[in-house]
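# Next one to model:
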Amino acid sequence: MPKFKVMKSFIDTHSKEEYTENQEIEMTVERSIEAATNLAKFGGGFFVAVEDETALKTPNDLTVAELKVELEKLNIDYPSDAKKAELLALFEGAGE
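Predicted coordinates for the structure are as follows:
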């Protein structure tokens, strides 16, 4: 799910949740468009999209924790005590 950084504090009219400045939140693209449209009448600029940093990295750049997350997204099992080299092999083998 896309991530957004809160630039100005606001309260979500649907969830009634308060979001504070510099908080990182997740919401669907559809919801972000709806929220931005609703907040435009108050001056807009309440949140901005945050790039997925792992999308910009090569597998070798990922940490062990990040590799595990990526493997879980692909539904690939791995030993809990797996080293980075083992995780990389599993990750790279997923594309074959």
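
# mind listing what the residue of the chain most remote from its centre touches?
What lies farthest from the middle of the chain is Lys41; by CA atoms, centre = their mean that is 27.3 Å. For Lys41, the contact set (CB atoms under 8 Å, 6 or more residues apart in numbering) is empty. Where C-beta positions appear, they are placed from N, C-alpha and C, glycine not excepted.

# Counting by contacts, list what the longest helix seen in the chain packs against.
Taking DSSP state H as the criterion, the chain has its longest helix at helix 29-40. If you count contacts as 3 or more CB pairs under 8 Å, 6 or more residues apart in numbering; DSSP states H and E, helix 29-40 packs onto strand 47-50.

# So which residues of the chain form strands?
3-6, 10-11, 18-19, 24-26, 47-50 (DSSP state E).

# Return the list of strands paired to the second one, each annotated with direction.
Sheet partners assigned to strand 10-11 using DSSP bridges are listed as strand 18-19 (antiparallel).

# Below-threshold pLDDT in this structure: ranges please.
Residue ranges of the chain with pLDDT under 70: 52-57, 95-96.

# For Val69, see how far away Ser32 is.
22 Å (CB to CB, to the nearest Å).

# now do Asn22
Taken as CB to CB, the span from Asn22 to Val69 is 23 Å.

# Could you check which of the two is surrounded by more residues?
Val69 (12 against 9; other CB atoms under 10 Å).

# For the closest residue to Lys84 other than its chain neighbours, list the residues it contacts.
Sequence neighbours aside, Val64 is the residue nearest to Lys84 in space, at 5.2 Å (criterion: CB to CB, 6 or more residues apart in numbering). Listed by CB under 8 Å, 6+ apart, the contact set of Val64 reads 82-84, 87.

# one step back: as a markdown table, the strands of the chain with distance to Asp77 would be great.
As requested, the strands of the chain are arranged in a markdown table below (distance: least, CB to CB, whole Å):
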| stretch | distance to Asp77 |
| --- | --- |
| strand 3-6 | 27 |
| strand 10-11 | 41 |
| strand 18-19 | 36 |
| strand 24-26 | 26 |
| strand 47-50 | 30 |
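
# Columns mean neighbour count and distance to Gly93 on top of those strands, output as TSV?
Output for those, formatted as TSV (neighbours: other CB atoms under 10 Å; distance: least, CB to CB, whole Å):
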stretch	mean neighbour count	distance to Gly93
strand 3-6	16	28
strand 10-11	14	44
strand 18-19	16	40
strand 24-26	13	29
strand 47-50	14	30
